[in-house]
Structures are given as C-alpha cells and as structure tokens.
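Asks: what follows is a predicted protein model with its sequence.
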Protein chains: 2
Amino acid sequence: MSPRTRTPLNRDRVLKAALDLADTRGFEDLTMRKLAKELGVEAMSLYNHVRNKEDLLAGLVDIVFGEIEVAEPGSADWRTAMRERSLSMREALLRHPWAIGLMEGRARPGPENIRYHNAVVGCLREGGFAFREAVHAMSALDAYTYGFALQERGLPFETPEESAQVMDAQRAQVPDMDSYPYLVEVATELQKAGYDYAKEFAFGLDLILDGLEGLRAAK
Amino acid sequence: MSPRTRTPLNRDRVLKAALDLADTRGFEDLTMRKLAKELGVEAMSLYNHVRNKEDLLAGLVDIVFGEIEVAEPGSADWRTAMRERSLSMREALLRHPWAIGLMEGRARPGPENIRYHNAVVGCLREGGFAFREAVHAMSALDAYTYGFALQERGLPFETPEESAQVMDAQRAQVPDMDSYPYLVEVATELQKAGYDYAKEFAFGLDLILDGLEGLRAAK
DNA sequence: ACCTGAACACCGTTCAAGT
DNA sequence: ACCTGAACACCGTTCAAGT
C-alpha cells in the first residue's frame, strides 16, 4: 500500500479518470501528463495500463458505446426500438461531445461497440427489414444522429438571448449583412422563439423513421 | 525579391498551403512549423498573416464552405437545389475529411459560410417553406450530410476485399463473434456485395427529401 | 510487476531583435 | 512591414533504472 494511492492503478481506473477529465475540463486538457497527475502518478506509469494515447481513446469510445441503450432484438417493435436508441445516442454524445468524431474510427471496434451494433441490426431484422434495407436504415439513422450531435455541439442557439448575442456579434463583424436577407430572417425569428434542440432532433428523427416505415412495407 | 520566395507571403498563400498540407499529408501534419517549412519560411513568420492556429483553421473552414455549390434562391425548385447542394457538400467533405468536425464551430462564421447558409435558407423559403419548416429542413439535411461524411471517413468498407479484411481481423480479435449473429450476417453480405457510399448517401438523402416534401405540402 | 527520472523529438506562441 | 532566433511552457513516448 503506497502512501498516495491505496487502490493500485489499473486500466479501468485510468479510463474512468480520462473520461471524467475529458467531460469536465475538455478534450484538449486530456493529456497523458494531466491524466497522470489526476491519478497521483507520473505520466509514464500510464503506459503500463494503456498501450498509448490512441488505445486510451479507443477505450473511452467503447465506454460511450456502452452508455447507449438499445432494446434486445425482437423485444419491441422496430420503430420504438430505433427511436429510443437514437434518443439515447444523442444523450450520450451530449454528455461526451468530444467523442463524436471518434465513434466511427478505423480502429478495431471494442466489445461494447460490437454489442451495440449487433443489437441495432437485430432490432431491424427482427422488425421485418430485409438485410439491405436494415443497412440502409442503420446508416441513415446513425448519420443523422452523429451529424445532429455535431451541430448541437457547435451551435450557440440554446436560448433567445444567446441567439441575439451571436447575431449582434455577427452583424458588427459583417458590414453587408443586409445582402443576406434569408439569414437575417432566421436570426430574427430565432431571437424571438429560441431553438429547442431536443424537439428539432425529434422532428428529423421521426421524419426518417416515417420514411423507413415505407421502405419496410414495400418489401 | 528574396532568394527563395519570389512571391511574398500573404494570408491567401498561407491558407492555400495549409489546405494542401492537410489534404495530402493529413490533419496531424498540419502544424505551424511544418506549414512554415512548406512555404520556405520560419514558423514565426506565419503569425504576421494569421492570428493563431485557430484563426488559420477558421480560414480553412471558410474555403471549404466556398467549395460547396448551391443554387441562387428561386432559380431552381427547392428539391433539386437541396439535392445538388447536399451532394456537393458531401464531395467537399470527402476532399477535406479533416474539416468535418470543424464546420459547425462556435467561432464567428466566415463570409463563404454566411453566403452559403443564406442561399440554402433562401432556396427553401422561395420553394414554399414557411420559416420554421425551412429551419427544420436545413437542420435535418445538414445533420444527415455531416454525419454521413463522418461515417464515410471512418469506415473501411469501400470494396468487398476491404470488408473481408476488416471482418477477418475482427473475428481474430473477438473470440465469441458468434454471439453476434446479426453483425456476422452484415459482414458476410457486405463481403459479397461491397458497399457503395455514393448510393447509400443518395438513399438516405432522397428519403429525407421525400419527408420534407410532405412537410411543405402540409402548409 | 509496476513505477519513475531523464531524455528525445516534437508542439503553439511570445518577444526582442534584426532588415 | 515583414521575418527570425531564442526562449517558454507544453506535448507523447522510450528506455534504463529503480522497487
């Protein structure tokens, strides 16, 4: 039992601390050195539990995949299953916005990743989608969800006040703003009404689900 | 006329060289020092033409926005306009995959960004979409396109051979692969048929466009 | 088996100094 | 006005050395 760390370091503790660091202080603060300090250890010690930083990130991504809830194939109708898992996916990406660009990496997928994707395809196949159509459906839903999370991470339109602030800054910076009447309109309306991300996401999601329903019926 | 650089450095030349470096050698090789070397200059000289690296990246993002073709509002029916601009957007993101996560940044948008989004909203408004519906439409289309580009960047399923390779590696790594029958099926089918990204993208795109048509008709 | 100190080859950026 | 050398505060990672 060393003086500082009662529990010895292991891969799980390293990953957990890394996740927390990225979530609370931001992805750019997730460095091997700062992570080590957080764990009361020197940076080089981490390499006993993680191959390198890429391996660390792969571990984090798999934790995020593990947080996405998805029904057992056949346990619910495909539409509710896909709707719920897309909502759960957006929420996970909202908790870990730094992960968005890493989820679809070329690296070999982790166990949670595999479990997750198997369940998604399973719900579609058991829901009556032919193989090709199931791939279409998953591809479209995933693309939409990743892309929406990306937009949500970047855009500052949460409240009317925020929208107003952004637009004022923009107006000051772009002198010929009146050459862009459609944008001005959007800005004006958004200032009045605000922008509800959850509702906006649900709108596009239901639109895609409606389309997929037809695809399935056509079989 | 200095010995090396006949044309003096300026912001445009810096941005052009940076774009080329990121495209040809990858985003991780786009460092201020390597960019400077490419231009036959010391790293510190770049700061005469670019505030910092963030400013450099903002400049690159605006160049990419400038590469996305979009019709003049009112010049074509909304559906072809939106279809064409989404295809053009995917192609631009395919040429500059490193840009995907940067396009929707919090930073103030550049002139090409503003021009582009104004035109997109304009095509929808002139095409008969009410304000709220135009925002819905743009949001859904953008999310899908960004997300698809993200998947395409990460996944290695171009040819049947690639799919086979990936699956073999995965099989070797995951011993209980048979616990994931739906994934095995996808893998098997993909090995036979391959995966056509362009067609897959068009499928989801048309599905969303179909849905938006209904939204417009309902007004 | 696990941890560490020193070192290597890098980063972005500042600043005083050159022309 | 533009470029540079030296410096600062960082990175990820290796490796021999400690326990």
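Replies: Right, received. Where do you want to start?
Asks: three-state assignment of A:A76?
Replies: Classification of A:A76 by DSSP: H, G, I helix; E, B strand; the rest coil places it in coil.
Asks: whoops, A:E72 was the one
Replies: Assigned with three-state DSSP, A:E72 falls in the coil class.
Asks: ok, it touching A:V120?
Replies: No - using C-beta atoms under 8 Å, A:E72 is not in contact with A:V120; the gap is 11.5 Å. (C-beta placed from N, C-alpha, C; glycine too.)
Asks: the more surrounded of the two?
Replies: Of the pair A:E72 and A:V120, A:V120 is the one with more neighbours under other C-beta atoms under 10 Å in any protein chain shown, namely 26 against 11.
Asks: how about the nearest residue to A:F148, chain neighbours excluded?
Replies: Nearest non-adjacent residue to A:F148, counting by C-beta to C-beta, 6 or more residues apart in numbering or on different chains: B:A143, 4.0 Å away.
Asks: pull the contacting residues for the one you found.
Replies: B:A143 sits next to A:143-145, A:147-148, A:150-151, A:204 when contact means C-beta atoms under 8 Å, 6 or more residues apart in numbering or on different chains.
Asks: can you put the residues you listed in CSV and add pLDDT?
Replies: Listed next are the contacts of B:A143 as CSV, based on pLDDT from 0 to 100:
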residue, pLDDT
A:A143, 98
A:Y144, 98
A:T145, 98
A:G147, 98
A:F148, 98
A:L150, 97
A:Q151, 96
A:G204, 98
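Asks: which stretches of chain A have low pLDDT?
Replies: Chain A contains residues with pLDDT under 70 at A:1-6, A:156-158, A:217-219.
Asks: what sits closest to the most centrally placed residue in it if chain neighbours are left out?
Replies: Nearest to the mean C-alpha position of chain A, counting by C-alpha atoms, centre = their mean, stands A:L93 at 2.4 Å. Excluding the flanking residues, the one nearest A:L93 by C-beta to C-beta, 6+ apart is A:A149, at 3.9 Å.
Asks: the residue nearest to A:F148 sits in which helix or strand?
Replies: Using DSSP states H and E, B:A143 falls within helix B:131-154.
Asks: what's the separation between whichever residue of chain A sits closest to chain B and A:F131?
Replies: Closest residue of chain A to chain B, C-beta to the nearest C-beta: A:G147 (2.9 Å). Using C-beta to C-beta, to the nearest Å, A:G147 is found at 25 Å from A:F131.
Asks: who has more neighbours, the two?
Replies: Neighbour totals were compared for A:G147 and A:F131, and A:G147 leads with 27 against 17 (other C-beta under 10 Å).
Asks: for that one, list the residues it contacts.
Replies: For A:G147, the contacting residues are B:142-148, B:150, by C-beta under 8 Å, 6+ apart.
Asks: then A:N113?
Replies: A:N113 sits next to A:61-62, A:65 when contact means C-beta under 8 Å, 6+ apart.
Asks: rerun that using 10 Å as the cut-off
Replies: For A:N113, the contact set (C-beta atoms under 10 Å, 6 or more residues apart in numbering or on different chains) comprises A:58, A:61-62, A:64-66, A:68, A:103-105, A:107.
Asks: what does A:S88 give?
Replies: Applying C-beta under 10 Å, 6+ apart to A:S88 gives the contacts A:67-70, A:145.
Asks: swap the cut-off to 8 Å and go again
Replies: By C-beta under 8 Å, 6+ apart, A:S88 lies in contact with A:67-70.
Asks: quick check on these: which are buried?
Replies: Buried residues within these, counting neighbours by 16 or more other C-beta atoms under 10 Å in any protein chain shown: A:67-68, A:70.
Asks: in chain A, which spans are helices?
Replies: Applying DSSP state H to chain A gives helices spanning A:11-25, A:32-38, A:53-67, A:78-95, A:111-126, A:131-154, A:160-173, A:181-193, A:197-217.
Asks: angle of the fourth one against helix A:53-67?
Replies: Using axes from the mean of the first three to the mean of the last three C-alpha atoms, to 10 degrees, the inter-axis angle of helix A:78-95 relative to helix A:53-67 is 140 degrees.
Asks: now narrow the contacts of B:A143 to whatever sits close to DNA strand D.
Replies: By C-beta under 7 Å from any atom of the strand, no member of the contacts of B:A143 lies near DNA strand D.
Asks: now the two most distant members of the residues you listed.
Replies: Farthest-apart pair in the contacts of B:A143 is A:L150 and A:G204; separation 13.3 Å (C-beta to C-beta).
Asks: so A:L46 makes contact with A:L35?
Replies: Yes - with contacts counted by C-beta under 8 Å, A:L46 reaches A:L35, the gap being 6.5 Å.
Asks: overlap in contacts of those two?
Replies: Listed as contacting both A:L46 and A:L35 by C-beta under 8 Å, 6+ apart are A:V14.
Asks: ok, back up a step: please tell me how far the residue of chain A closest to chain B sits from A:V50.
Replies: For A:G147, the distance to A:V50 (C-beta to C-beta) stands at 30 Å.
Asks: straight-line length of stretch A:89-108, end to end?
Replies: From its first residue to its last, stretch A:89-108 covers 20 Å (C-alpha to C-alpha, to the nearest Å).
Asks: sort out which residues of it are buried, please.
Replies: A:89-90, A:92-93, A:96-105.
Asks: and the furthest pair within those?
Replies: Checked with C-beta to C-beta, the buried residues of stretch A:89-108 reach their widest spread between A:R90 and A:G105, with 19.3 Å between them.
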